[in-house]
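**Student:** Show me how the following folds:
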Amino acid sequence: MMNEQDKLEEEKRLKAKWDACSEAAKKRTIWINRLPIKAKEEFLKLADEDFEGDWGMTLKHLLDFRSGLLSNPNEQLSDRIDVLADKINNIENSLKEQEEEPKGPKGADGKRKEKILR
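**Tutor:** The predicted structure follows:
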């Protein structure tokens, strides 16, 4: 059993630990007033779904996105679609060129020979 003196010392130790944690938390606390309800709901939903409810990491993600460190997933898809569209256009153009080539025998130099009408 703990005597009264030990209890007081334990209480002081725990209070000091609590105070240290409180001070550390105050340094990282952010208060936001006048936040629209829909924006708050969207922020909380993002925090819950993508960051396990961690508001600090959610805010950091949003700031990184704004700074351009992260890109919009839709932007990445759009870029990929553009690359694929360019490839498709190149293939289509190549096929058109092949269709437009004159048909007929090739000479030794690899060029097509025109038929001579007599």
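
**Student:** contacting residues for residue 35?
**Tutor:** Applying CB atoms under 8 Å, 6 or more residues apart in numbering to residue 35 gives the contacts residue 43. Using the backbone N, CA and C atoms, a C-beta is placed for each residue, glycine as well.

**Student:** Only the buried residues of the longest helix along the chain, if you could.
**Tutor:** Longest helix in the chain, counting residues (DSSP state H): helix 73-100. By 16 or more other CB atoms under 10 Å, helix 73-100 has no buried positions at all.

**Student:** and residue 2, that one's in a helix?
**Tutor:** No. Residue state for residue 2 (DSSP: H, G, I helix; E, B strand; the rest coil) corresponds to coil; a helix is not indicated.

**Student:** now the helix or strand encompassing residue 11: how far from the chain's centre is it?
**Tutor:** Applying DSSP states H and E as the criterion places residue 11 in helix 4-28. Helix 4-28 sits 41 Å away from the centroid of its parent chain (CA atoms, centre = their mean, to the nearest Å).
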